[in-house]
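Colleague: Turn this into a model:
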Amino acid sequence: MITLAVGLLYVYALGSGRVARASAQAKGSRFVCTAVPPGADLSCPVETTNRVQSASPQEDEFRSTIIQLRETVLQQKETIVSQQGTIKELNAKLSRCEAAAQDARDSKARGGARRKDYGKNTMGDLPRDPTETIEQLGKTMQSLKDRLENLEQQQLRANVSGAAFPNELRDLLKRRLGDLESQLLRRVAELEEEKSQLYNETAAHRQRTENTLNSLLERITELERSNSAFKSPEDFKISLPLRTNYLYGRIKKSLPEMYAFTVCMWLKSSASPGIGTPFSYGVPGQANEIVLIEWGNNPIELLVNDKVAQLPLSVSDGRWHHICITWTTRDGFWEAYQDGERLGTGENLAPWHPIKPGGVIILGQEQDIVGGRFDATQAFVGELSHFNMWDRVLRPIDISGMANCSAYMPGNVVPWIDGNVEVFGGATKAALEICEDRLFDSRPAENQ
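Modeller: Numbers count the residues shown, from 1 in each chain. Coordinates of the predicted model:
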């Protein structure tokens, strides 16, 4: 009995251990179900290789296609992101070009005499110099064209790989690039025009500068020549001691067209009857364009375009006198000054007649033809100095200042300088300090 109980316990223990081992193996393992053909011998080993790895050729092709499409989608996504960045950059460039064009139009509308604000940088990367700006714009255009070609190459690669490039995006890029190119071409044309204007203005300014320098050189040359003879270029006189038809002086410069004038000079004469002709100005077609004359027993006369006005002047006492004559074409109004005092006025002397240019000024003779055919009976006898001429009417205070030696005003049309006066026929030049000489002339009269 005891032996039977021990045997039962041993059998129970052995069965419990197998069940535990089977449970443990079931928990740590995977069960693979394998299809067995009908009638196969189950005692033979069965191939348990994973069927997923032994796929058919069609499945491999599908798998390859899916992977390729996935790569294409990723590539297309990157392309679209790159193109979006390019579009943003092109939009920014176009906005700056439009702003530059608007600034140029606003600058032209404001008008100006010149002008455009070259210090303003209308595009973020444009230099100030027009030539450098054009070169920079050309580089920008080339860069944009290279980008467009790069995009087209990307489109070609995308088409080869089977992905279609969006037509709308391509058209948008082409339109944007076309607009940008038009803006840049207009800007280049404007810069070329501005460059041409700058060149023309620079050439005109250079010409004016050269003319001014030439005038200064001529003036310096005249002063150098004058200084070799006299203390100052204006401190001299010409002497015409005889009443002949061959002693005279000549002013080298001519007159422009004038609608008014003032002529002033110092005279010293004791000739009788009449002092003669201190000066005359003749032009082709009119030898008596301007004449100051006293001949015979007639008073001193002023002729303008051969029209005559008698002046209340008297200078034949052998002393220095300062005389000035003014005239304006407006109503032919004239004034006569002697020693700084206005002694007479009048009007209707050749009214509205302009003084003709290009004539000849003769000192000491009256011209019957331009520059010649002198009459000895009308020749000036005496001394003459400080012959100056202006193309306007001087103020009385200016005339008085010259007459009392408190001011000196050289003529803006004809100044009295040594290099501007030639003498002929025995007429002479001599040094003269007019204020001292005039003071010396006035002393005998004070002593009397």
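Colleague: shaky segments in this structure?
Modeller: By pLDDT under 70, the weakly predicted segments of the chain are 1-56, 101, 104-134, 137, 148, 151-152, 154-167, 169-170, 221-231, 437-448.
Colleague: Quick test: name the residue nearest the centre of it.
Modeller: Nearest to the mean C-alpha position of the chain, by C-alpha atoms, centre = their mean, lies residue 198 at 4.6 Å.
Colleague: element containing that one?
Modeller: Using DSSP states H and E, residue 198 falls within helix 167-227.
Colleague: Show me where the chain has its helices.
Modeller: Applying DSSP state H to the chain gives helices spanning 2-27, 57-110, 130-160, 167-227, 396-403, 434-447.
Colleague: Could you pull out the strands in the stretch 301-448 of the chain for me?
Modeller: Taking DSSP state E, counting those that start in this stretch, the strands of the stretch 301-448 of the chain run over residues 301-304, 307-310, 320-328, 333-338, 341-346, 360-363, 367-369, 372-374, 382-390, 421-424, 428-431.
Colleague: list the helices and strands the fourth one packs on?
Modeller: Contacts defined by 3 or more C-beta pairs under 8 Å, 6 or more residues apart in numbering; DSSP states H and E place strand 333-338 against strand 320-328, strand 341-346, helix 396-403. Every residue, glycine included, has its C-beta placed from N, CA and C.
Colleague: before we move on, what about the fifth one?
Modeller: Strand 341-346 is packed against strand 333-338, helix 396-403, with contacts defined by 3+ C-beta pairs under 8 Å, 6+ apart.
Colleague: Just name the most buried of those.
Modeller: Looking across these with neighbours counted as mean count of other C-beta atoms under 10 Å, the highest average goes to strand 333-338: a mean of 21.
Colleague: Is residue 266 in contact with residue 386, as I believe?
Modeller: Yes: with contacts counted by C-beta atoms under 8 Å, residue 266 reaches residue 386, the gap being 4.9 Å.
Colleague: Overlap in contacts, these two.
Modeller: Common contacts of residue 266 and residue 386, defined by C-beta atoms under 8 Å, 6 or more residues apart in numbering, comprise residue 434.
Colleague: re earlier: make a markdown table out of the helices and strands packed on strand 333-338 and add distance to residue 312.
Modeller: Putting the helices and strands packed on strand 333-338 into a markdown table (distance: least, C-beta to C-beta, whole Å) gives the following:
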| stretch | distance to residue 312 |
| --- | --- |
| strand 320-328 | 11 |
| strand 341-346 | 4 |
| helix 396-403 | 16 |
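Colleague: ok, back up a step: could I get the strands of the stretch 301-448 of the chain as CSV with distance to residue 232?
Modeller: As requested, those are arranged in CSV below (distance: least, C-beta to C-beta, whole Å):
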stretch, distance to residue 232
strand 301-304, 30
strand 307-310, 34
strand 320-328, 17
strand 333-338, 24
strand 341-346, 27
strand 360-363, 19
strand 367-369, 30
strand 372-374, 31
strand 382-390, 11
strand 421-424, 14
strand 428-431, 9
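Colleague: which one of these lies closest to residue 256?
Modeller: For residue 256, the closest of these is strand 382-390, at 10.8 Å, according to C-beta to C-beta.
Colleague: Residues contacting the closest one, please?
Modeller: Identification of contacts with strand 382-390 by C-beta under 8 Å, 6+ apart yields 234, 236-240, 249, 251, 255, 261-271, 275, 278-279, 363-364, 402, 409-416, 421, 432, 434.
Colleague: Tell me the spacing between the nearest residue to residue 179 once chain neighbours are set aside and residue 183.
Modeller: If the residues on either side of it in the chain are set aside, residue 179 comes closest to residue 94, at 6.3 Å by C-beta to C-beta, 6 or more residues apart in numbering. The span separating residue 94 from residue 183 equals 7 Å under the rule C-beta to C-beta, to the nearest Å.
Colleague: repeat for residue 72
Modeller: With distances defined as C-beta to C-beta, the gap from residue 72 to residue 183 amounts to 36 Å.
Colleague: Between these two, which is the more surrounded one?
Modeller: residue 183 (19 against 14; other C-beta atoms under 10 Å).
Colleague: Please look at the more buried one and residue 98 and confirm they touch.
Modeller: Yes: because the distance of 6.6 Å satisfies C-beta under 8 Å, residue 183 is recorded as touching residue 98.
Colleague: If we ignore the residues flanking it in sequence, what's nearest residue 383?
Modeller: The shortest distance from residue 383 to any residue other than its chain neighbours is 4.5 Å, reached at residue 268 (C-beta to C-beta, 6+ apart).
Colleague: coming back round to it: figure out which of the helices and strands packed on strand 333-338 is closest to residue 173.
Modeller: Where those are weighed against each other on C-beta to C-beta, the nearest is strand 320-328, at 74.3 Å.
Colleague: Distance from that closest one to the middle of the chain?
Modeller: On the basis of C-alpha atoms, centre = their mean, to the nearest Å, strand 320-328 is displaced by 45 Å from the centre of the chain it belongs to.
Colleague: Please apply the same query to stretch 90-104.
Modeller: For stretch 90-104, the gap between its own C-alpha mean and the chain's C-alpha mean amounts to 25 Å (C-alpha atoms, centre = their mean).
Colleague: ditto for stretch 208-222
Modeller: Here the centre of mass of C-alpha atoms in stretch 208-222, compared against the chain's by C-alpha atoms, centre = their mean, lies 24 Å away.
Colleague: do stretch 328-346 as well
Modeller: Between the centre of stretch 328-346 and the centre of its host chain there is 45 Å, according to C-alpha atoms, centre = their mean.
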